[in-house]
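Novice: here is a sequence together with a model predicted from it:
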Amino acid sequence: GRAERTVQFYRERLTPLRTYLGNEFEVSTLKGYHILRWFDKRPTWGGSYRRGCLVAVRRLLAWAVEAGLLPDGFKIKVKAPEQGRRESLICETEYASMLAYFKGSQFEKALRLAWLTGMRPQELCLARAEYLDRANSTLVFPRAVSKGRARQRVVHLSPKALELCVAEAGARGGSGPLLVNRLGLAWNAFAFSHAFDRYAGRPSKAQDLLEAVEQGPQVVEALGEAVDQPAPARLEEGPGDPRGEPREKKRMYDFRHSFAHRCLRAGMSTVVVARLMGHSSTHMVDKIYSHMEGATDFLQSELTKLG
């Protein structure tokens with residue numbers, strides 16, 4: 001549930017810091033430059049991930065102050081890394097390229113469900129076979145694991161998405177994680193990231209976790225499909241990499257944004273799209289229109305409806 005994801009968030013970000021500083025390091029001597037040097041050792045980390053690491057460190061220090069383990073007012077001064085705003089959409093051609101690259105793997109199924117439903121990455125990780133309501137073509141998440149926990153999250157399934165979910169639920173015997181890696185373990189954000197690193201031909205943060213986590217089972221669970229196949233030395237030529245060069249790094253959230261974009265271009269109202277994506281209002285969907293500023297052909301076709 002959410003508590004487990006919180007533990008995982010802190011473990012993934014703080015364990016590498018402990019490894020970097022060493023077990024004998026005195027936390028009371030921690031300075032901002034320690035964090036900056038740690039970041040310099042991790043060139044594959046983007047701004048968003050570094051911000052998450054800094055958040056984890058600051059929250060840990062605040063807890064230590066509150067618990068009396070550190071003096072009142074103890075904090076480190078580090079400017080938060082720029083997070084930036086990503087405007088990355090996945091087109092039909094690139095989606096087909098990803099499916100071809102991961103053909104036959106368990107990750108291919110996660111990509112298909114993300115494309116067909118626009119589910120949040122954490123929902124893909126938390127989905128269970130028991131949540132499938134075949135009669136109503138939905139996945140119904142209990143409030144305890146739904147975002148915000150204010151109401152149940154209901155994912156509406158197209159015929160293709162329903163077919164995929166029925167097959168996966170059947171493979172699990174009707175219980176357990178709906179989507180699993182080849183080891184039978186539920187996916188997690190770190191494993192998703194590693195898979196996309198591999199697709200892009202980039203170094204992966206998974207290596208940082210291998211260096212940091214001391215117990216084998218945790219490594220296996222965290223990396224998921226990372227052990228499924230090695231990254232090729234040179235990517236095969238295809239639609240996404242015409243010269244065999246590294247591709248742009250994608251995220252599972254790009255599938256969600258792309259789903260909303262496709263729904264809007266298909267003529268669905270923002271109210272319908274908001275419900276499909278699990279939002280309580282259209283506020284978040286309205287932001288998707290920023291992706292459509294460059295869709296000149298679509299905007300022109302919509303304008304002609306005015307006569």
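Specialist: Sure, I can see it. Numbering: from 1, shown residues only.
Novice: list the contacts of Tyr20.
Specialist: Tyr20 makes contact with Trp38, Lys41, according to Cβ atoms under 8 Å, 6 or more residues apart in numbering. Backbone N, C-alpha and C define where each C-beta goes, glycine included.
Novice: would you verify that it is located in a helix?
Specialist: Yes. Counting by DSSP: H, G, I helix; E, B strand; the rest coil, Tyr20 is part of a helix.
Novice: which pLDDT does the model give it?
Specialist: What the model reports for Tyr20 is a pLDDT of 92.
Novice: cool, the one 10 residues further on as well?
Specialist: Leu30 is assigned a predicted lDDT (pLDDT) of 95.
Novice: which one is it nearest to, not counting chain neighbours?
Specialist: Ile76 (5.9 Å; Cβ to Cβ, 6 or more residues apart in numbering).
Novice: the one you found reaches Ser28, doesn't it?
Specialist: No. Assessed by Cβ atoms under 8 Å, Ile76 is found out of contact with Ser28, at 11.3 Å.
Novice: out of those two, which sits in the more crowded spot?
Specialist: Comparing Ile76 with Ser28 by other Cβ atoms under 10 Å, the one with more neighbours is Ile76, at 14 against 10.
Novice: just say helix, strand or coil for that one.
Specialist: Ile76 ends up coil, using three-state DSSP.
Novice: just for the stretch 201-307 of the chain, where's the confidence low?
Specialist: 203-246, 288-296, 298-300, 302-303, 305, 307 (pLDDT under 70).
Novice: now do the strands in the protein.
Specialist: 132-133, 138-141, 153-156 (DSSP state E).
Novice: among the ones you listed, which comes closest to Ala200?
Specialist: strand 153-156 (27.6 Å; Cβ to Cβ).
Novice: sheet partners, orientation included, of that closest one?
Specialist: With DSSP bridges as the test, strand 153-156 is paired with strand 138-141 (antiparallel).
Novice: neighbouring contacts of the partner strand?
Specialist: So strand 138-141 is contacted by 123, 126-127, 131-133, 152-157, 165, 178 (Cβ under 8 Å, 6+ apart).
Novice: pull out the buried positions in stretch 161-174.
Specialist: Ala161, Leu162, Leu164, Cys165, Glu168, Ala169, Arg172 (16 or more other Cβ atoms under 10 Å).
Novice: buried set for stretch 28-41?
Specialist: Neighbour-count burial for stretch 28-41 flags Leu30, His34, Ile35, Trp38, Phe39 (criterion: 16+ other Cβ under 10 Å).
Novice: helices of the chain, start to end?
Specialist: 2-21, 32-40, 47-66, 92-101, 106-117, 121-126, 159-171, 189-200, 206-212, 216-223, 252-265, 270-277, 283-288, 296-303 (DSSP state H).
Novice: residues near Pro16, how many?
Specialist: Residues lying near Pro16 (other Cβ under 10 Å) number 21.
Novice: so it touches Thr44, yeah?
Specialist: No. Counting by Cβ under 8 Å, Pro16 stays clear of Thr44, with 11.8 Å between them.
Novice: contacting residues around Gly118?
Specialist: Phe255, Arg256, Ser258, Phe259, Ala260, Cys263, Leu276, Met277.
Novice: let's see it at 7 Å
Specialist: Gly118 makes contacts with Arg256, Phe259, Ala260, Leu276, Met277, as judged by Cβ atoms under 7 Å, 6 or more residues apart in numbering.
Novice: mind checking pLDDT for it?
Specialist: 95.
Novice: so for stretch 273-288, what gets flagged as buried?
Specialist: Val273, Ala274, Arg275, Leu276, Met277, Gly278, His279, Thr282, Val285, Ile288.
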